[in-house]
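>>> pasting the structure only:
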């Protein structure tokens, strides 16, 4: 399967999940998705792919779904609910950064098979998360304001 098809299918699946969470759990489902998206998009952002003639990160699709969430919240529950989602996403990023950074202080067992990979992924986390939090807050609050 090509990256383009996979991206389109991912977009459809992730937006469908947002709709299902909203239908089943209402506002709480959208906040749940905000938390998941914030964590997963900041991991996915490390993966570069080539699609539609350009290089991009995988986090773009998940990040786009966060706009759908804030738009739904704003339209149905008001701007305050939408702002709360942005704050929840920001708090999630900060907490995730602190927790994953703390993992890097441990000395793994000689039998460990995962630490090298965890270090490779999460040693970039503080730098990426700081940039991500700044962009997330600015862009999302601007979207809510509009």
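Received, thanks. Since we're looking at a predicted model, the values are computed, not measured.
>>> can you tell me the closest non-neighbouring residue to residue 3?
Spatially, and ignoring its direct neighbours in sequence, residue 3 is nearest to residue 51 (3.9 Å; C-beta to C-beta, 6 or more residues apart in numbering). Using the backbone N, CA and C atoms, a C-beta is placed for each residue, glycine as well.
>>> ramachandran coordinates for that neighbour?
For residue 51, the backbone dihedrals (degrees, to the nearest 10) come out as phi -150, psi 150.
>>> what about it, how many residues close to it?
16 (other C-beta atoms under 10 Å).
>>> hang on, isn't it packed against residue 4?
Yes - under the criterion of C-beta atoms under 8 Å, residue 51 makes contact with residue 4 at 5.0 Å.
>>> residues shared between the contacts of those two?
Common neighbours of residue 51 and residue 4 are not found (criterion: C-beta atoms under 8 Å, 6 or more residues apart in numbering).
>>> and the gap between residue 111 and residue 18?
Spatial separation of residue 111 from residue 18 under the definition C-beta to C-beta, to the nearest Å is 41 Å.
>>> settle it for me: which of these two has more neighbours?
The residue with more neighbours, out of residue 111 and residue 18, is residue 18; 20 against 5, by other C-beta under 10 Å.
>>> give the contact list for that one.
By C-beta under 8 Å, 6+ apart, the contact set of residue 18 is 30, 33, 65, 68, 69, 72.
>>> need the pLDDT of the last one.
I take that to be residue 72. Model confidence at residue 72, expressed as pLDDT, equals 95.
>>> relative to the whole chain's centre, how far out is the host helix or strand of it?
Using DSSP states H and E, residue 72 sits in helix 59-77. Here helix 59-77 is found 11 Å from its chain centre; the criterion is C-alpha atoms, centre = their mean, to the nearest Å.
>>> so residue 6 belongs to a helix, correct?
Yes - Residue 6: assigned to a helix according to DSSP: H, G, I helix; E, B strand; the rest coil.
>>> what's the biggest helix by length in the chain packed up against?
For the chain, the helix reaching the highest residue count under DSSP state H is reported as helix 79-103. Where contact means 3 or more C-beta pairs under 8 Å, 6 or more residues apart in numbering; DSSP states H and E, helix 79-103 is packed against helix 27-44, helix 59-77, helix 115-122, helix 125-145.
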